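Undergrad: any chance you could fold what I've pasted below:
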Amino acid sequence: MADLESAMALVRGKPFDGRTPPWADPVIQEMLSRITDTAHTLARWHTDGDTPDLEAARRIVFHTLDIEATSEVLYRDLLHIEWAAANPAAVRRTVARLQQMARTYNISLDGLTEDTINLVLSGRPSPGTNR
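TA: Numbers count the residues shown, from 1 in each chain. The predicted model follows:
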């Protein structure tokens with residue numbers, strides 16, 4: 001986990017800082033994919049471990065959403081984090097942010113994302129709240 005944290009600490013913004021030479025499109029997509037995968041892995045480890053660190057999970061997700069604003073997997077992670085933190089106001093803000101992103105980019109949310117939204121808005125306690 002320490003190596004992944006160190007790698008994410010090196011990520012300072014979007015690859016190529018918004019200046020995209022035509023040849024770089026596939027490279028940028030690959031970099032964004034790896035950044036997102038790493039952030040997702042860290043967020044889940046911090047959320048689901050024996051000693052959850054929800055603040056660390058939240059920090060890594062927000063940092064990565066600033067770089068890749070359309071990542072549904074990171075929004076799902078954030079929903080799980082806020083649900084585990086028993087923070088219904090943050091859950092509602094995250095749902096609103098996710099829905100706004102989908103409207104802005106004209107994206108249909110995937111079934112797993114819709115299921116996650118329904119779960120965290122259901123009023124049921126997170127499995128982690130009984131720790």
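Undergrad: in whichever helix or strand I60 is part of, what counts as buried?
TA: Element membership for I60 (DSSP states H and E) is helix 54-65. For helix 54-65, burial by neighbour count (16 or more other Cβ atoms under 10 Å) applies to L54, A56, A57, R58, R59, I60, V61, H63, T64, L65. Yep, even glycine has a C-beta here, placed from its N, CA and C like the rest.
Undergrad: separation between the residue most central in space within the chain and R124?
TA: Against the mean C-alpha coordinate of the chain, by Cα atoms, centre = their mean, the closest residue is L74 at 1.9 Å. Using Cβ to Cβ, to the nearest Å, L74 is found at 23 Å from R124.
Undergrad: next, count neighbours for the closest residue to T116 other than its chain neighbours.
TA: Distances taken as Cβ to Cβ, 6 or more residues apart in numbering put R76 closest to T116, at 4.8 Å, once the chain neighbours are dropped. For R76, the count of nearby residues is 23 (other Cβ atoms under 10 Å).
Undergrad: so which elements touch the helix or strand containing R76?
TA: Assigned by DSSP H and E, R76 belongs to helix 72-84. Judged by 3 or more Cβ pairs under 8 Å, 6 or more residues apart in numbering; DSSP states H and E, the packing partners of helix 72-84 are helix 25-48, helix 54-65, helix 88-104, helix 111-120.
Undergrad: now the protein, which segments are flagged as low pLDDT?
TA: Within the chain, the stretches with pLDDT under 70 are 18, 128-131.
Undergrad: just give me how far stretch 24-40 sits from the chain centre.
TA: The chain centroid and the centroid of stretch 24-40 are separated by 14 Å under Cα atoms, centre = their mean, to the nearest Å.
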